[in-house]
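Asks: Next comes the sequence, and after it the predicted model I'd like to discuss.
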Amino acid sequence: MVGIRSRWTRKRLAVLAAFVGVAAYVFVAIWMQPVALGSNATLTGIPGHNPTKEAGVGGPGLTQQELVWPYVDGGVVTLVTSLANRGPVGLTITGVGTDPPCPRWCGLYSIKATRAAVLANPGRCCELNESATWSSHDFRPIYVDPGHEGVVALHILMTNCEYNGDQISGLARINVAYTVLGFQHWQKVDVGEYLIKGPDTCPRPRAY
């Protein structure tokens, strides 16, 4: 009887261990959100159009200096940023979301193209090898080990001034696609805030 009970106990423990293992797998693969802003980022503006510092609201009764980029209609700026894997297993970044055209999205900026960044100095963010990065026809998946970072590049079009006037718009987060243990995810990642100020007059009238 003791031997039978011992075998039955071991069998139940094995089943319990398997259940815990499957539950842990499902939790890591489905519910964890391990992608976060990395340690480096840079925004390259349009030559001859440098950002200025303007007063912004920093809290109740407080102001702070914000770096604001001037609007250049049809101009393209480049954001290069690292993304960190804060989870316990490796993941693969498979893309970054782009913006739909107006009228679905009518901000002063529009993310038009995204790629896995090819760095001019491998291992050191964030100087971009432009030709190697943008010659790729689509987003090359980036495998990122736990505690490590991958780097992405975004082309951001300045547009839609006819719907915004001289107000300030800010890019504060990007939508990152990635896979963990074969499961696909999308996660919004805060990237700080990159501000663009609309022009006093726009070269186009409103269409809507």
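Replies: Cool, got the structure.
Asks: State the distance from the residue most central in space within the chain to Pro141.
Replies: Central residue check for the chain by Cα atoms, centre = their mean: the C-alpha nearest the mean position is that of Ile174, 3.7 Å away. Going from Ile174 to Pro141 by Cβ to Cβ, to the nearest Å gives 17 Å. (C-beta placed from N, C-alpha, C; glycine too.)
Asks: Check Tyr194 too.
Replies: In terms of Cβ to Cβ, Tyr194 sits 25 Å off from Pro141.
Asks: Which of those two has more residues huddled nearby?
Replies: The neighbour count for Tyr194 versus Pro141, taken as other Cβ atoms under 10 Å, is higher for Tyr194 (20 against 14).
Asks: Please name the nearest non-neighbouring residue to the more buried one.
Replies: Leu171 (4.6 Å; Cβ to Cβ, 6 or more residues apart in numbering).
Asks: distance of that neighbour from Pro88?
Replies: Taking Cβ to Cβ, one finds Leu171 at 30 Å from Pro88.
Asks: which of the two has more neighbours?
Replies: Using other Cβ under 10 Å as the criterion, Leu171 and Pro88 rank with Leu171 on top: 22 against 12.
Asks: Now do the same contact list for that one.
Replies: Leu79, Tyr109, Ile111, Ile156, Val191, Glu193, Tyr194, Ile196 (Cβ atoms under 8 Å, 6 or more residues apart in numbering).
Asks: Take those and lay them out in a markdown table including distance to Ser39 and pLDDT.
Replies: Shown next, in a markdown table, are those (distance: Cβ to Cβ, whole Å; pLDDT from 0 to 100):
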| residue | distance to Ser39 | pLDDT |
| --- | --- | --- |
| Leu79 | 15 | 97 |
| Tyr109 | 24 | 93 |
| Ile111 | 22 | 96 |
| Ile156 | 21 | 97 |
| Val191 | 12 | 95 |
| Glu193 | 17 | 88 |
| Tyr194 | 17 | 93 |
| Ile196 | 24 | 93 |
